[in-house]
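In: Sequence and predicted structure, then a few things I'm wondering about:
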Amino acid sequence: MRTTIQQKDGKMIAFLEGRLDTAAAPETEIAMNPLLDSECKDVIIDCTKLEYISSSGLRIFLGILKSTKAKGGHVYIRGISGDICKVFAMTGFINLFEFL
């Protein structure tokens, strides 16, 4: 699992690549801490190269959402595959996030 964070146009962008499974979740959560600590209100999570997400990965997304909303911001998800979209739909996460 590879995580890259960039700041662009006043937004924090996380690029996720690989499988966000239970084994990769602790390292990914640490890598995504800049999203929580940032002064930027809005966050984009780019899932274009994300192959799989487990419940541990969904928990990370939920933590980012809670932190960002507390600052008055928004979390946008972009580039999710059909399979990951199904996971979001089954868990109700499709109703929590905004999609680009």
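Out: Here it is on my side, so go on. Residues are numbered from 1 along each chain as shown.

In: And the strands in this structure, which stretches?
Out: When assigned using DSSP state E, the strands of the chain occupy the ranges 2-8, 11-20, 42-53, 75-78, 98-99.

In: strands paired with the last one, and their directions?
Out: In the sheet containing strand 98-99, its partner strands are strand 75-78 (parallel), by DSSP bridges.

In: picking that back up, adding mean neighbour count and mean pLDDT, write the strands of the chain out as JSON lines.
Out: No exception for glycine: its C-beta is placed from N, CA and C like everyone else's. Below are the strands of the chain laid out as JSON lines (neighbours: other C-beta atoms under 10 Å; pLDDT from 0 to 100):
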{"stretch": "strand 2-8", "mean neighbour count": "13", "mean pLDDT": "96"}
{"stretch": "strand 11-20", "mean neighbour count": "19", "mean pLDDT": "97"}
{"stretch": "strand 42-53", "mean neighbour count": "19", "mean pLDDT": "97"}
{"stretch": "strand 75-78", "mean neighbour count": "19", "mean pLDDT": "97"}
{"stretch": "strand 98-99", "mean neighbour count": "12", "mean pLDDT": "96"}
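
In: I'd like those strands as JSON lines, with distance to residue 69 appended.
Out: Formatted as JSON lines, the strands of the chain follow (distance: least, C-beta to C-beta, whole Å):
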{"stretch": "strand 2-8", "distance to residue 69": "19"}
{"stretch": "strand 11-20", "distance to residue 69": "14"}
{"stretch": "strand 42-53", "distance to residue 69": "10"}
{"stretch": "strand 75-78", "distance to residue 69": "8"}
{"stretch": "strand 98-99", "distance to residue 69": "11"}
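
In: Of these, which is nearest residue 84?
Out: Using C-beta to C-beta as the criterion, the shortest distance between residue 84 and the strands of the chain is 5.6 Å, found for strand 42-53.
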